[in-house]
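# Make a model of this:
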Amino acid sequence: MKQKRTLEAPRLLGIIWPFVAVVLFQALLGGISLYALSAVRGYVAGESLWSKGQKDAIYFLSLYTDSRDEAAYQKYRQAIAIPQGGHQLRTALDAKPLDLAAARQGILRGGNHPDDIDSVIWLYLNFRHVSYMERAIERWSVGDDYLQQLDALANRIHQGIVTGNVTAQRVAAWKGEIAAINEAVTPAAMAFSDALGEGSRMLLRLLLVVNLATALFLIALACLRTHKLLAQRQAFASALQVEKDRAQITLQSIGDGVITTDVEGCIAYMNPAAEQLTHWSAGQAQGLPLAALFSLLDDNAEKDSLSLTERILSGTLKGGSEHAKLIQRLDGSTVSVALVGSPIISDGQVSGIVLVLHDMTQERQYIANLSWQATHDALTGLANRREFEYRLELALGDLGRQAARHTLLFLDLDQFKLVNDTCGHAAGDELLRHICAVLQAGVREGDTLARLGGDEFGILLENCLPEQAERIAENLRQTVQSLHFVWKGRPFMTTVSVGLVHLQLAPHTLEASLRAADMACYMAKEKGRNRVQVYHPDDTELSMRFGEMAWIQRLHIALEEDRFCLYAQEIAPLAAGESDAGHLEILLRLHDESGRIILPDSFIPAAERYGLMTALDRWVVNRVFKVIRQALDEGRKGPLAMCAINLSGSSIGDDKFLDYLQRQFVEYAIPPEMICFEITETSAIANLGSAIRFINELKGLGCHFSLDDFCAGMSSFAYLKHLPVDFLKIDGSFVKDMLDDPINRAMVEVINHIGHVMGKRTIAEFVETPLIEQALHEIGVDYAQGYLIERPQVFTCESLQRRRIRSRPLLFRTPGTFR
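Below is the predicted model of the structure:
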């Protein structure tokens, strides 16, 4: 901050204000001194008039006593009026309050000049008690007392003379009194005059000392200020030199070339960066025109018509904007630079120009690298997904303008995850590089091979006949299969699944084409991998996969908009005497965009295939727990029904889902014995270890479990003893035809018997007729579920309590109950 202050241009007032103050102060002091001296002069003049007046009064009074001439008496009165005026002045100024009018009259009566009135009064009022002034006023008072005596004597003499009462003896007595007063007043007048004179001399000496001291002080102040200005000037010069040195060092150090010229364009300065950029030294270039160092070229490497100096002076290269140019040096080499130029203005006139050149070689290289990185895969050097989609979109655009034939291939390596998991990512990266090399060798020049991500590749075969494209795809598959990859002595087999789409037969949009290729590749994997799957618009399998993919977006939106709903269906006991509160299976439904109810068979396969089942299971659990919590808070009388919630295999194997369930039990404070989780036999056996752990964790809380669709997957009964479930649900495919098919009836009997041997209760699905109900009762099945029992109803709090408490089997119901 101090340095910045030092470098500021000095202001005129900042320099001269001390000297102006000195002059003003000295003038003020001189004025006060002159005023004081003028006042003293007035007193001295008044004292002279006072002394002369008292002498003249004594003289004329003596003359009047001898001559008895009235004219002499009048002269006495005129003489005595002067000291009486001084007396009036003093008494008026000593009065409380001041009588300035009387004081002014007294001064005029005393014979002083009217101009002295204010200064005389000012001196008396302000210096009344100063020693010399106080002594003079005391002598003045003494003299005034004698003059009052003289005036009283004069009145008596004048009275005696006027009345004629004058004798020689009286005259002699009068003259004796006059002589006595004269002898008494003379020393007082002399003392008054001496005191006043000494006071005036003392004041003069005091004013002289004050003026001299003030002059010395002001001289010292002026010297101090001048020294400060000189020091500031020296600091300014030093700071300027420092800034100059810093600027010089900066220019020497920066990487941009800096060139300055005079107004004619002759070089005056070049920094080292400019020397390196132009291949000229500053000493050689000094004085040469700017055009001698290099010439400007346009984008087509042709010389520019305007000189660089003209451009700068015209403002086309003004400071603050950069212009990329190609310059050609004297040796013929060229370099790309960014130019910034500006005129140097001095006192409103152009005194030269400054030019800054920034070498753009590295920047252009960086831009090229970034451009490459933006369109290519860093690991393999192939085009990336963004570049591939761009080229594919251009090819699709060609289809609309001309009858072109292009083919899209989507390749996905088989079992690539095995290499990563067993040997690490370094092995996986090396395998990808090998795969890229063989794929690159198998495509034509001009075809686009890209890595779309992970172990997925895309190939765009432009202007390629369908038969040739299929041959290329098959050759690529065989080439990958024949690749022998060995990592640290461990060999790996490599195969690839290929989805092939002839673009003229597919939807002509980027998204649809990629989806078609992806689905064709997916089908190749489902059919056993290591094969080429050609997309056909009328392929029913692919159509089904397309439908499932369309469901994914709809399911996401339905979850966000909360368009799912829950239904409940009763599971009723078949044996007489059952008195439990009821058993409900919770069923999921979906309201589509138009409000229609969609059954789960339409969307569950897509949700299972694309990993949305856990999200749906979470939604179901949360909604069921909310309804149960509401029923408990309402304090409904009687026991509430047990709710059976279906869970998918992906949820059973998800530890986070198990944690979620445990948190939900705590959050809603739901009695675990009210919840029964239904898991399918297929998902349980596919994740046997996870299923057992999942069931044991929740059974430890008090939950129940039911094994759904038992024997539908034709699994071994041996698995059953490892699953600690409470209920076995006999698949409806056996139940609905058991009256007509003795094998199905036998299956129902076997499942029911084994379930009871293992201590599990059995539930028969698809119970739709009284005869099936009668047969199940004869076999000994514990529970029945189906349209005969109840059609699914919207799940509410009332659903938990509207179960019927039965004291006899269902087969004794009247026909009216079957509606």
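# So what would you say the end-to-end distance of stretch 784-798 is?
21 Å (CA to CA, to the nearest Å).
# residues making contact with it?
Here stretch 784-798 makes contact (CB atoms under 8 Å, 6 or more residues apart in numbering) with 565-572, 574, 584-587, 624, 627, 630-631, 634, 636, 729, 732, 735, 763-770, 772-773, 776, 799, 810, 818. To be clear about C-beta, it is placed using only N, CA and C from the backbone, and glycine gets the same treatment.
# And this protein, split by domain according to the record?
Listed domain ranges for the chain are 33-219, 254-365, 376-537, 553-818 (source: automatic domain parsing).
# any chance of those domains in a markdown table, with mean neighbour count too?
A markdown table is the format used below for the domains of the chain (neighbours: other CB atoms under 10 Å):
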| stretch | mean neighbour count |
| --- | --- |
| domain 33-219 | 17 |
| domain 254-365 | 16 |
| domain 376-537 | 17 |
| domain 553-818 | 17 |
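# May I see those arranged in a markdown table, with distance to residue 243 as well?
As requested, these are exported to a markdown table (distance: least, CB to CB, whole Å):
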| stretch | distance to residue 243 |
| --- | --- |
| domain 33-219 | 36 |
| domain 254-365 | 16 |
| domain 376-537 | 48 |
| domain 553-818 | 64 |
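# how about those domains, which one is nearest residue 228?
Closest approach to residue 228 among those (CB to CB): domain 33-219, 15.1 Å.
# tell me the contacts of the nearest residue to residue 513 once chain neighbours are set aside?
Closest residue to residue 513 apart from its sequence neighbours, by CB to CB, 6 or more residues apart in numbering: residue 506 at 5.2 Å. Going by CB under 8 Å, 6+ apart, residue 506 touches 408, 512, 513, 516, 535, 537.
# Redo the domains of the chain as a markdown table? Include distance to residue 26 and mean pLDDT.
Listed next are the domains of the chain as a markdown table, based on distance: least, CB to CB, whole Å; pLDDT from 0 to 100:
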| stretch | distance to residue 26 | mean pLDDT |
| --- | --- | --- |
| domain 33-219 | 6 | 73 |
| domain 254-365 | 40 | 75 |
| domain 376-537 | 86 | 88 |
| domain 553-818 | 91 | 84 |
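# Run the chain-centre distance for the longest strand that the chain contains.
Counting residues, the longest strand found in the chain (DSSP state E) is strand 334-346. Here strand 334-346 is found 36 Å from its chain centre; the criterion is CA atoms, centre = their mean, to the nearest Å.
# right, and the helix or strand after that strand?
Using DSSP states H and E, the helix or strand that follows strand 334-346 in sequence is strand 349-359.
# Hmm, residue 69 is touching residue 63, no?
Yes - with contact defined as CB atoms under 8 Å, residue 69 counts as touching residue 63 (7.4 Å).
# before we move on, back to that, let's see which of the contacts of residue 506 end up in helices.
When DSSP state H is applied, those are split such that 512, 513, 516 fall in helices.
# one step back: kindly state which of the domains of the chain is positioned closest to residue 248.
Each of these has some distance to residue 248 by CB to CB; the shortest is domain 254-365, at 9.0 Å.
# can you tell me the distance between the two ends of the closest one?
Start-to-end span of domain 254-365 (CA to CA) is 21 Å.
# what separates it from the chain centre, distance-wise?
Its chain's C-alpha centre and that of domain 254-365 lie 40 Å apart, by CA atoms, centre = their mean.
# And for stretch 238-256?
Stretch 238-256 has its C-alpha centroid displaced from the chain centroid by 36 Å (CA atoms, centre = their mean).
# what does stretch 607-626 give?
39 Å.
# which residues are in contact with that stretch?
Stretch 607-626 is contacted from outside by 548-549, 551-552, 555-556, 559, 564, 566, 586, 588, 604, 606, 643, 645-651, 654, 657, 660-661, 664-665, 667-668, 670, 675, 795, using CB under 8 Å, 6+ apart.
# Many thanks, have a good one.
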